[in-house]
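Enquirer: what would the 3D arrangement of this be:
(2 chains, ligands or ions: 2)
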Amino acid sequence: MPVIVQVEKCSGCETCLDSCPFDAIEFKDGKAYINEYCNACMSCLAGCPEGAIIETEKSVQRSAFSNQLKDYKDVMVFAEQKDGKVVSVSYELLGVGRRLSDELGANLLAALFGAGEPEAQELIRWGADKVLLCSDSALEQFNDDPYSEVLAKIINEYKPSIVLAGATPVGRSFIPRVAARLRTGLTADCTSLEIDKETKNLLQVRPAFGGNIMATILCPDYRPQMATVRPRVMKKGEYHADRTGEIININIGNAVSRTRVLDFIKEVSGVSVNLHEADIIVAGGRGIGGEKGYKMLEELAEALGGAVGASRAAVDEGWIPYSHQVGQTGKTVNPKVYFACGISGAVQHLVGMQSSDIIIAINKNPEAPIFNVATYGIVGDMFEIIPLLTRKIREVKNL
Amino acid sequence: MNIIVCIKQVPDTAEIRINPETNTLMREGVPSIINPFDLHAIEAAIQIREQHGGKVVVLTMGPPQAETSLREAISMGADEAVLLSDRAFAGSDTWATSYTLAQAIKKLGADIVFCGKQAIDGDTAQVGPETAEFLNIPHISYIRKIEEVKDDYIKVERLMDEGYDIVESTLPVLLTVVRELNQPRMPSLKGKMAAKKAEIKKMGMADIEADENSLGLKGSPTQVKNIFAPEVKAERKIIEGTPDEQVDILIKELKEIRCL
Ligand SMILES: Cc1cc2nc3c(=O)[nH]c(=O)nc-3n(C[C@H](O)[C@H](O)[C@H](O)COP(=O)(O)OP(=O)(O)OC[C@H]3O[C@@H](n4cnc5c(N)ncnc54)[C@H](O)[C@@H]3O)c2cc1C
Ligand SMILES: Nc1ncnc2c1ncn2[C@@H]1O[C@H](COP(=O)(O)O)[C@@H](O)[C@H]1O
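Expert: Ligands and ions are numbered 1, 2, ... in the order given. Take a look at the predicted model:
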């Protein structure tokens, strides 16, 4: 056990119970003990007034690998593409990646699969020093097996200290496989990435427990340190049209795959459901009352050039398809502006949207918790406000 | 068809609140539930068994009290349950969790392994794909529909950003599922009886022939350095007035932030 309770010191006061975010402290015969849920976060150490909880294993050098750590230097970004075009989260990763590699005095590498030289050049203009380009047609379409194989191979060869990827359906699917194969840590959905001034390790901050708490994660004894980042969480880097860099062509040989994509079906919908990419999202909840309310949201979204989102209640009622759902069991979004219309603001919804730059809440109940996170709140009937808003926006934009 | 469903017992995050004074989580009375996505995984497994025969085994790694979740799965219709529990597993990150689950799955044998898309406490969505890698079998994430199952073949729909992929794979395979896949059934009366009587198979470190250095905190490449409460945005403005006035003010604000 990474943490133990010195039984003779435990007074049985149960103060420590609340200090543990993982439910890992239990009481047996009036004494605390640490169970298998312990994540070794050490929160309980300060939570015990008697100082009865102590750390046991941390000082132990844990990895046989540690003498090789210094061979790992650069920062690598996995540059995802769709239909041959680099997706925008990749440029955001180059933004953070550039900052981290400058701080480390290292190179910024970008791995690009299934695209061509022009896209590789773009990555350089967005900040990459070297692009590891694998333009094999077998990688044009995403498939877990060959993507994992090739990325793991590149990492083994180029030995980056840090590897970043987008927390998109693609990144979230195959990056864990790569981490498992390389026997290294992977931190999902980081909201902040910094270099520790002293140790030069990567400090990875991410939300947990449905956004109720934040945790700083380290991967001190293994390399590379791998992290995924959700789209729109990080700012894009600087674009310099005259930046130069190196493009290295990678040959993959014979990529085999046990899975095969037969077809991609684009979901037809009046407005875009690509909530990850949208600057403006107009979301509706149970308050929209039916499909008519949905139409109203679509019109506002269209006038603003945005996408339509939904609460689970609106999805469960069958008014809006699941692909629009925002929240814990839906998508996590980060637009510039998020309209929450007729949404009460349950935590499961909030965790999916509360990092939006600006939140505008329209709700007829002034006590609705959504107002606690709203930048602007309008207490009122959305059936009055929204059509009016749409009309006035159209006037302003001359639509 | 041997189907294993990996389920996780999690605190119901809807019930968790932060104590604003101490910045700690208030979890008194917070109920433990089966991770909601895993309920859909159980349902999918039972449906495949109903069509193709075989058995559904639910597997969890956790402390002894996770047994309640296993019994709940049996009440829904799972045939067998396995509890992976050992003090040596404590402090596992996703790497060590996946390694441990995979060692157990190798012992149990499976044609299809189901996982939820993610667990609502950790929210990582990593355990499924990592487990598949340790098993050296393919995986498909975010399954929203199962189109076809044969002895050595499966065809499914995988949810993507702007639609879905139709993906086929050989078996054995690991699938992670999203909510859209199905509606989990409620426990039946017969199921509840079975759950009461069911024998829960227990496995520890020795039973799965695991490498000790790959387990628990020792085997976990990542470490939690610290935990803190998220900041809350301070600024907020309630826009007053008649609907007309409210909308005009909002439009002015939207112009100021260059949204218009
Ligand atoms: C495990 C789990 C996961 C979940 N995951 C998600 C998730 O991913 N996403 C999600 O959204 N929810 C999720 N939920 C559900 C969540 O708890 C809430 O039930 C849900 O978000 C409520 O949706 P709502 O705000 O639209 O509906 P309600 O809570 O019913 O709120 C409707 C609001 O509309 C207002 N209203 C009504 N009419 C009007 C009108 N004419 N004009 C203005 N305002 C009006 C009302 O005042 C009210 O505030 C999850 C729950 C669980 C247990
Ligand atoms: N301790 C565990 N025991 C069994 N299954 C688990 C465990 N942790 C995670 N899983 C499975 O992996 C999925 C993804 O979990 P996570 O990667 O933690 O988000 C869950 O939905 C479960 O199916």
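
Enquirer: which stretches in the stretch 101-250 of chain A count as helices?
Expert: A:117-125, A:144-158, A:169-182 (DSSP state H, counting those that start in this stretch).

Enquirer: how about the longest one against chain B, any contact?
Expert: Yes - Helix A:144-158 comes into contact with chain B (Cβ under 8 Å from any Cβ of the partner chain), by way of A:144, A:145, A:148. Heads up, the C-betas are built off the backbone N, CA and C, glycines and all.

Enquirer: next: the last one.
Expert: Yes - contact between helix A:169-182 and chain B is present through A:169, A:172, A:173, A:174, A:175, A:176, A:177, A:179, A:180, A:181 (criterion: Cβ under 8 Å from any Cβ).

Enquirer: just flag the most distant two among those.
Expert: Maximum pairwise distance among the residues of helix A:169-182 next to chain B (Cβ to Cβ): 19.9 Å, between A:169 and A:181.

Enquirer: and residue 123, how many neighbours?
Expert: Because you didn't say which chain, this covers chain A. 28 (other Cβ atoms under 10 Å in any protein chain shown).

Enquirer: not quite, go with chain B.
Expert: Count around residue B:123 with other Cβ under 10 Å applied: 21.

Enquirer: what's near enough to touch residue A:143?
Expert: Neighbouring residues of residue A:143 by Cβ atoms under 8 Å, 6 or more residues apart in numbering or on different chains: A:257, A:259, A:260, A:261.

Enquirer: wait, which of the helices of the stretch 101-250 of chain A is closest to residue B:151?
Expert: Closest among the helices of the stretch 101-250 of chain A, using Cβ to Cβ: helix A:144-158, at 21.0 Å.

Enquirer: can you show me the CA trace of that closest one as PDB?
Expert: The C-alpha trace of helix A:144-158 is given here as PDB (Å, rounded to 0.1, in the frame of the first residue of the first chain):
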ATOM      1  CA  ASP A 144      -6.100   1.600 -34.900                       C
ATOM      2  CA  ASP A 145      -3.700  -1.100 -35.800                       C
ATOM      3  CA  PRO A 146      -1.400   0.600 -38.300                       C
ATOM      4  CA  TYR A 147      -1.600   4.000 -36.600                       C
ATOM      5  CA  SER A 148      -0.500   2.400 -33.300                       C
ATOM      6  CA  GLU A 149       2.200   0.400 -35.000                       C
ATOM      7  CA  VAL A 150       3.700   3.300 -36.900                       C
ATOM      8  CA  LEU A 151       3.500   5.900 -34.100                       C
ATOM      9  CA  ALA A 152       5.100   3.500 -31.600                       C
ATOM     10  CA  LYS A 153       7.900   2.800 -34.100                       C
ATOM     11  CA  ILE A 154       8.600   6.500 -34.700                       C
ATOM     12  CA  ILE A 155       8.600   7.200 -31.000                       C
ATOM     13  CA  ASN A 156      11.100   4.400 -30.400                       C
ATOM     14  CA  GLU A 157      13.300   5.800 -33.100                       C
ATOM     15  CA  TYR A 158      13.100   9.500 -32.300                       C
END
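
Enquirer: between that helix and helix A:169-182, how many degrees?
Expert: On the basis of axes from the mean of the first three to the mean of the last three Cα atoms, to 10 degrees, helix A:144-158 is oriented at 60 degrees to helix A:169-182.

Enquirer: show me what helix A:144-158 is packed against.
Expert: strand A:75-79, strand A:108-113, strand A:130-134, helix A:169-182, strand B:139-150 (3 or more Cβ pairs under 8 Å, 6 or more residues apart in numbering or on different chains; DSSP states H and E).
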